[in-house]
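Dropping a prediction and its sequence here:
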Amino acid sequence: MRLILTTLLTLTSLYGIGENTTTMQADFTQTITNDKNNTITYSGEMLAKRPNLTKWHYATPVDKTVYITTSNVTIIEPDLEQVIIKQLENSIDILAILATATKVTENQYNAYYHAKLYHIALENSEIKSISYNDAFDNLVTITFTKRKVNAPIDDELFYPSIPEDFDIIRD
């Protein structure tokens, strides 16, 4: 759960790179590599909208949808017929991340957020990828493709519809 939350908090924050970015939609591939060079790869689609709305739909290797608002994370896992709802202790401060991001090269930035270093790669002034070491010292790399920036996104897409027969776990 900690790995998912760290990733989600990071990614929710990153769509803010670029002063005029208000929304982002993209396909993503997330790879997590441990110290033994074992890798697991996830893929799906994400939506993000300022100030603090994010939706991650993981399509492979398992179906899972994660919704993030200012104060909550809701994870819907259809295969397990369960929903996990967790309150965020701190709201996600996009401006704080932007304030700490420093340009390394034309398309590379580094940001420190909650004492963690994030490497951000841009392509055509948009986020191409982000990488960082998680709490377990795994290398996490998230690559974005088919990016759409500042396209209208309906707020309703960011709020979960929980099936009545699913178990709800509040953490």
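Thanks, I have the structure now.

and Thr65, what does it touch?
By CB atoms under 8 Å, 6 or more residues apart in numbering, the residues touching Thr65 are 55-58, 75-76, 160. Backbone N, C-alpha and C define where each C-beta goes, glycine included.

cutoff 6 Å now
Under the criterion of CB atoms under 6 Å, 6 or more residues apart in numbering, the contact list for Thr65 reads 57, 76.

So what pairs up with it in the strands?
For Thr65, the beta-bridge partners under DSSP bridges are His57, Ile76.

ok, it to Gln87 distance?
Relative to Gln87, Thr65 is positioned 18 Å away (CB to CB, to the nearest Å).

just the strands in this protein please.
Taking DSSP state E as the test, the strands found in the chain are 23-33, 39-49, 53-60, 64-68, 72-77, 82-87, 102-105, 108-113, 116-123, 126-133, 139-149, 167-170.

next one: the fourth one to chain centre, how far?
It stands for strand 64-68. Here the centre of mass of C-alpha atoms in strand 64-68, compared against the chain's by CA atoms, centre = their mean, to the nearest Å, lies 9 Å away.

Tell me where the model's unsure across this protein.
Across the chain, the ranges flagged by pLDDT under 70 are 1-20, 90-99.

Out of all residues in it, which is the farthest from the middle?
When distances are taken from the C-alpha mean of the chain, Asp165 lies farthest, 27.4 Å away, according to CA atoms, centre = their mean.

Quick check: it vs Pro78, distance?
Counting by CB to CB, the gap from Asp165 to Pro78 is 11 Å.

Thanks a lot, see you next time.
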